[in-house]
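Pasting the sequence and the predicted coordinates here, then a few questions.
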Amino acid sequence: MSNNADARAQWKTRSGFILAALGAAIGLGNIWRFSYVVGDNGGGAFLVLYFATIALVGLPLLLVELAVGRATQREAASAFRQLGRAAPWRSAGVLGVVVSFVILTYYAVIAGWALKFFAAFASGGYPFAAGEAAAYFRAFTAAAIEPVIWQACIIVATVGIVTGGIERGIERANKILMPALAVIVVGLAIHSLTLPNAGRGLAFLFAPSWEALAQPRVYLAALGQAFFSLGLAMGVLVTYGSYLPQHHRLPIAGVIIAFGDTLFAIVAAIVIFPAVFSFGMSPDQGPGLAFITLPEIFARMAGGQIVGVAFFGLLVLAAITSSVALLEIPVAYAIERWGMSRGSAALAIAAAAFVLGVPSSLGFGPLSQVLLAGLPILDAVDFAASNVILPLSGLAIALFAGWHWRRADALAAIGFRDPRVAQLWRISVRYVAPAMIAIVFLRSLSLI
Ligand code: TRP
């Protein structure tokens with residue numbers, strides 16, 4: 001281990017840690033991704049399945065990760081290496097570090113789109129004539145240069161915060177940005193609920209159409225979304241947990257993070273679906289929901305410019321607190337394993353993520369002929385990361401916690417007080433989580 005004092009930096013306050021973890025969890029996944037996944041998978045029934053997945057699989061694994069980080073006081077790859085005596089467990093951490101870097105590459109692209117839309121609404125430059133949203137989005141993303149410039153802006157902001165370190169960079173930024181996010185999202189939700197026919201959007205969201213559950217892909221979507229949204233199996237909670245002093249208890253922090261992330265996604269859905277139904281639009285338009293359907297609505301809505309500024313501002317801020325976490329994971333690795341300074345690690349890794357993200361951006365323009373498994377580059381990378389690699393590293397982490405980590409060590413590291421809760425956790429990581437992940441994953445590949 002390096003002597004770099006920064007590698008063992010700590011959060012200043014418990015609330016600062018929780019806000020930073022919430023900042024990592026709450027991001028594009030809760031607004032852009034959650035809303036289109038809910039829309040594509042039938043609304044209410046998906047939501048029920050999603051809650052079950054968070055409770056049965058997400059929260060128990062989240063506690064494992066926090067505990068692994070806190071107990072070892074090391075970044076994700078080193079932490080799993082230290083606790084896992086055999087290869088599959090040792091690799092769980094490295095896999096996470098790699099995936100978070102991969103996600104950062106395209107995450108910054110989408111965050112850049114949000115920044116562009118924020119600027120377009122703020123300056124009044126968005127085409128406020130009805131029916132132009134799709135063409136506007138396509139023309140913007142098809143350009144070679146402009147999206148890449150916005151992507152670079154996001155990367156620069158991210159580097160700026162990560163370079164500041166744990167307490168003065170990440171913790172401080174989240175302490176300012178997270179309350180701002182809460183205020184904006186609640187304001188937008190209240191506004192949406194006042195729109196005519198808002199109730200239809202709520203019905204779509206909360207009244208389950210159970211037929212959706214007959215399709216295996218819906219289960220995979222719920223699992224993939226839960227992992228993506230909580231930032232599971234990527235080492236972020238290990239890394240953030242490693243900056244916690246030993247005396248903090250984890251179970252309550254874990255519940256706050258899982259609950260807060262889910263609540264935020266639902267409030268964001270209450271912003272989106274009433275507006276979609278109020279304007280007679282279709283909710284199952286895939287990833288274009290936030291960048292085509294909603295801007296079209298804002299263009300037609302009274303006061304839509306302000307709503308657009310608030311919505312895309314929300315998206316940008318949420319994305320930045322997450323991209324900071326995505327960058328921090330490999331940066332912590334580079335500091336600890338390669339002995340790099342925080343500043344140069346942040347700069348070098350972010351520059352690499354920027355360059356490797358450019359093809360994802362160009363996949364909607366000059367590289368639109370390049371399809372991977374029938375998908376544009378960005379979507380293919382997202383699918384591979386969220387629906388393939390994440391379930392696998394999630395499985396490794398569950399099996400590690402349930403079958404490899406000594407029971408007494410694991411329980412002590414998490415710090416359960418109530419033995420019944422500890423027992424439930426253990427049943428989840430031993431049986432429920434591995435079985436659910438394995439079945440859903442194999443079924444989705446039509447292997448069973
Ligand atoms: N959870 C983030 C979101 O909802 C995205 C994300 C996935 C993430 N994995 C992560 C953020 C790891 C930080 C670290 O948008």
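Yep, that arrived.

which bits of the stretch 301-448 of the chain sit near the ligand?
By the rule Cβ under 6 Å from any ligand atom, the part of the stretch 301-448 of the chain lying against the ligand is 322, 325, 326. No exception for glycine: its C-beta is placed from N, CA and C like everyone else's.

burial of the last one, as a residue count?
By the other Cβ atoms under 10 Å criterion, the neighbourhood of residue 326 contains 30 residues.

picking that back up, next, check the residues of the stretch 301-448 of the chain next to the ligand against the helices and list the overlap.
322, 325, 326 (DSSP state H).

correct me, but the second one touches residue 231?
It stands for residue 325. Yes - taking contacts as Cβ atoms under 8 Å, residue 325 lies within contact range of residue 231: 6.7 Å.

Find residues that contact each of these two.
Common neighbours of residue 325 and residue 231, counting by Cβ atoms under 8 Å, 6 or more residues apart in numbering, are residue 24.

Just to confirm, which residue in the protein is farthest away from the center?
residue 129 (33.0 Å; Cα atoms, centre = their mean).

Checking that residue next. Helix, strand or coil?
coil (DSSP: H, G, I helix; E, B strand; the rest coil).

what's the nearest residue to it if we skip its chain neighbours?
Leaving out its chain neighbours, the residue that sits closest to residue 129 by Cβ to Cβ, 6 or more residues apart in numbering is residue 299, at 7.1 Å.

Counting neighbours, what do you get for that neighbour?
20.

now for the helix or strand hosting it, which elements pack on it?
Secondary-structure element containing residue 299, defined by DSSP states H and E: helix 293-300. Secondary-structure packing of helix 293-300 (3 or more Cβ pairs under 8 Å, 6 or more residues apart in numbering; DSSP states H and E): helix 87-122, helix 133-142, helix 250-278, helix 304-338.

So which bits of it are buried?
Along helix 293-300, these residues count as buried under the neighbour rule (16 or more other Cβ atoms under 10 Å): 293, 294, 295, 296, 297, 298, 299.

which other residues reach that helix?
Contacts of helix 293-300 (Cβ under 8 Å, 6+ apart): 117, 121, 126-134, 136-137, 272, 275-276, 278-279, 281-282, 285, 304-305, 307-308, 311.

how big is the angle separating that helix from helix 304-338?
150 degrees (axes from the mean of the first three to the mean of the last three Cα atoms, to 10 degrees).

so helix 293-300 versus helix 87-122, what angle?
Using the same axes, to 10 degrees: helix 293-300 against helix 87-122 is 20 degrees.

Can you name the residues that contact the closest residue to residue 113 other than its chain neighbours?
Leaving aside its sequence neighbours, residue 113 sits nearest to residue 291 (Cβ to Cβ, 6+ apart; 6.1 Å). Residue 291 is in contact with 32, 113, 117, 137, counting by Cβ under 8 Å, 6+ apart.

helix, strand or coil for residue 291?
Going by three-state DSSP: residue 291 is coil.

Now do the same for it: its pLDDT.
Among the per-residue scores, residue 291 holds a pLDDT of 94.

Tell me the buried residues in the helix or strand containing residue 22?
Here residue 22 sits within helix 14-25, counting by DSSP H and E. For helix 14-25, burial by neighbour count (16+ other Cβ under 10 Å) applies to 16, 17, 18, 19, 20, 21, 22, 23, 24, 25.

now the residues of the stretch 301-448 of the chain next to the ligand as CSV including pLDDT?
As requested, these are exported to CSV (pLDDT from 0 to 100):
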residue, pLDDT
322, 97
325, 97
326, 97
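
Distance to residue 217 for those residues - can I get that in CSV?
As requested, these are exported to CSV (distance: Cβ to Cβ, whole Å):
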residue, distance to residue 217
322, 25
325, 28
326, 26
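
which element is the most centrally placed residue in the chain on?
For the chain, residue 229 is the residue whose C-alpha lies nearest the centre (Cα atoms, centre = their mean; 3.8 Å). For residue 229, the host element (DSSP H and E) is helix 216-230.

Now that helix: average pLDDT?
Mean predicted confidence for helix 216-230 is 87.

So is that helix next to the ligand?
Yes - contact of helix 216-230 with the ligand (Cβ under 6 Å from any ligand atom) involves 228, 229.

rewinding a little: alpha carbons only: can I get the helix holding residue 299 in CSV?
Only the C-alpha atoms of helix 293-300 are listed here, as CSV (Å, rounded to 0.1, in the frame of the first residue of the first chain):
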residue,chain,number,x,y,z
THR,A,293,-40.7,13.3,-25.7
LEU,A,294,-40.2,15.6,-22.7
PRO,A,295,-38.6,18.5,-24.6
GLU,A,296,-41.5,18.3,-27.1
ILE,A,297,-43.9,18.6,-24.1
PHE,A,298,-41.9,21.5,-22.6
ALA,A,299,-42.0,23.3,-26.0
ARG,A,300,-45.8,23.1,-25.9
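
tell me the angle it makes with helix 133-142.
Using the same axes, to 10 degrees: helix 293-300 against helix 133-142 is 120 degrees.
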